[in-house]
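Undergrad: kindly generate the corresponding structure for this input.
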Amino acid sequence: MKVLSKLTSYRNAFHISIMMWSVLTFLTIGLGSVLAAAPEIYDIKIVEMVGRPGHQGLFSIQGQPIEGANAIVQARLIGAANNVDLLLRDGGGNLLSTIPMIVPPADKVVPGTYFADIVIPKVPFTMSISGDDSTGNSFEGLPSQSSSNTPQTVEVRILPTVFDIPPGFPLYFTVRVTNFGLPDTFKVSLTSDVGGTLQPISKNIQLGTNQTADIQFRYIAPTTLGTGLTYITLTATASSTLPNGTSNQAILKLETPTKPPINLTAWLNSGEQGMLGLDRNRRSPLIVWTCNDQINKQTISLANDVLPIKVTTLPKSKFSDDYSGRDEFSSKPTSCVGSSRLKLEFNAANLIASLVESIGLTSESRLTQVPITAYRTDGTPMIGYIPLVLDKQEKIESDEAKHANK
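TA: Residues are numbered from 1 along each chain as shown. Got it, this is the predicted structure:
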């Protein structure tokens with residue numbers, strides 16, 4: 001009897017264990033199904049369409065948003081969802097607004113991408129997503145790496161002129177500052193996470209309400225960058241000089257190239273010494289000369305995406321040395337290497353359109369270092385600059401002509 005009793009007790013314990021395991025398994029599977037029904041929120045970000053030469057699409061804004069400004073928010077979800085809304089909450093979690101999100105046509109964006117138009121609050125805020133999952137249950141969530149947004153009254157943007165940052169090569173970056181607050185003086189600076197040479201280090205500017213200023217920086221990344229470095233991060237800061245004044249930063253990350261470029265010597269046609277008249281109605285082309293240093297003519301572009309409408313190769317003996325080339329990093333004339341030069345003709349209206357789209361030109365006169373790029377026949381990349389000034393009538397003149405006309 002004792003043996004039978006022990007066997008019975010072991011059997012009952014075994015059955016209980018099987019039952020508990022079955023219940024736990026059921027609960028785990030059931031819970032997993034419920035959890036799987038809620039979509040994962042991959043990211044939520046305020047986006048813009050300008051500021052990345054050579055690339056199309058939407059990118060995260062470079063700094064903090066501007067109080068009261070209209071903005072576009074993009075959210076990406078993994079998993080099915082319906083009735084998706086964007087929720088804005090203040091620092092205490094209180095609901096500021098609920099905005100229905102729209103879904104573009106499936107052939108235009110990656111599935112699970114949603115958009116909303118918002119007006120930036122005047123207080124710090126967070127963004128979350130709510131909706132119904134595939135089972136009809138409601139959900140609300142944040143990305144795993146969400147952060148608070150702190151609206152400002154001064155906007156800062158870095159306007160790059162190139163795709164990437166090669167070590168040891170001089171490049172131009174423009175920092176654009178727009179003041180939406182009271183008249184103020186701002187200290188503007190540009191820094192790099194890997195160091196390097198910057199000119200100027202900083203500059204003070206005075207801006208009235210709704211005024212914009214462009215500050216141009218020349219940057220040379222260190223030649224001692226370690227192997228394997230794939231990105232360089234630039235940070236532009238505009239800070240009020242007043243005690244407890246407003247401040248904002250713009251952060252831009254650009255790749256380092258796998259093959260370093262060489263200098264492309266280029267200059268404007270000698271006849272373009274006054275206003276170039278680069279307006280949308282101009283019919284005559286903009287003429288740019290380059291030294292023909294084994295250039296692959298099929299790869300030449302101005303402002304990153306404007307191709308020449310005509311390329312003519314001329315022997316060096318065909319023209320004077322008065323315009324034999326200008327070093328784009330100084331005003332000292334230089335001589336071309338090689339026996340020929342290239343005469344490049346560009347559609348002026350296309351150039352204006354490209355500049356407006358890529359860097360968002362303002363209505364006031366701006367000095368713009370327009371990049372001209374190409375590849376040599378051996379595949380080596382080449383970069384040069386043409387200094388132009390866009391005036392209020394959307395016309396362009398060379399930097400030298402601007403000073404000559406004063």
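Undergrad: show me how far the helix or strand that contains Ala349 is from its chain's centre.
TA: For Ala349, the element it lies in under DSSP states H and E is helix 348-359. Centre-to-centre, helix 348-359 and its host chain are 17 Å apart (Cα atoms, centre = their mean, to the nearest Å).
Undergrad: just checking, what packs against it?
TA: Using 3 or more Cβ pairs under 8 Å, 6 or more residues apart in numbering; DSSP states H and E as the contact criterion, the neighbours of helix 348-359 among helices and strands are strand 366-375. Placement of C-beta: from N, CA and C, glycine included.
Undergrad: packing partners of the strand it packs on?
TA: Using 3+ Cβ pairs under 8 Å, 6+ apart as the contact criterion, the neighbours of strand 366-375 among helices and strands are strand 171-179, strand 211-220, strand 286-291, strand 301-302, helix 348-359, strand 381-390.
Undergrad: redo these as TSV? Include distance to Val47.
TA: Written out in TSV, the entries for the helices and strands packed on strand 366-375 read as follows (distance: least, Cβ to Cβ, whole Å):
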stretch	distance to Val47
strand 171-179	18
strand 211-220	21
strand 286-291	33
strand 301-302	26
helix 348-359	16
strand 381-390	26
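Undergrad: lowest mean pLDDT across these, which one is that?
TA: Considering those one by one, the lowest average pLDDT is found for helix 348-359, at a mean of 75.
Undergrad: now the helices for this protein?
TA: Assignment of helices within the chain using DSSP state H yields the ranges 2-37, 348-359, 399-404.
Undergrad: got the buried residues for stretch 207-216?
TA: Of the residues in stretch 207-216, those buried by neighbour count under the rule 16 or more other Cβ atoms under 10 Å are Leu207, Gln211, Thr212, Ala213, Asp214, Ile215, Gln216.
Undergrad: beta-bridge partners for the fourth one, please?
TA: Beta-bridge pairing of Ala213 under DSSP bridges involves Val177.
Undergrad: what distance do you get for it to Asp184?
TA: Distance of Ala213 to Asp184, computed by Cβ to Cβ, to the nearest Å: 12 Å.
Undergrad: grab the nearest non-local neighbour of Gly181.
TA: Spatial nearest neighbour of Gly181, excluding adjacent residues (Cβ to Cβ, 6 or more residues apart in numbering): Thr153 at 3.3 Å.
Undergrad: and the one you found, what pLDDT?
TA: Each residue has a pLDDT score; the one for Thr153 is 97.
Undergrad: in the buried residues of stretch 207-216, find the pair that's most separated.
TA: Spatially, the most separated pair among those is Gln211 and Gln216, at 17.4 Å (Cβ to Cβ).
Undergrad: hey, which helix or strand in the chain has the poorest pLDDT?
TA: Sorting the helices and strands of the chain by mean pLDDT, DSSP states H and E puts helix 2-37 at the bottom, at a mean of 38.
Undergrad: low-confidence ranges, the stretch 101-250 of the chain, go.
TA: Using pLDDT under 70 as the threshold, the predicted model of the stretch 101-250 of the chain has low-confidence ranges 226-228.
Undergrad: spit out the contact partners of the closest residue to Gln206 other than its chain neighbours.
TA: If you skip the residues right next to it in sequence, Gln206 has Thr185 as its closest partner in space, 5.0 Å away by Cβ to Cβ, 6+ apart. With contacts defined as Cβ atoms under 8 Å, 6 or more residues apart in numbering, the neighbours of Thr185 are Asn204, Ile205, Gln206, Leu207, Ser240, Thr241, Leu242.
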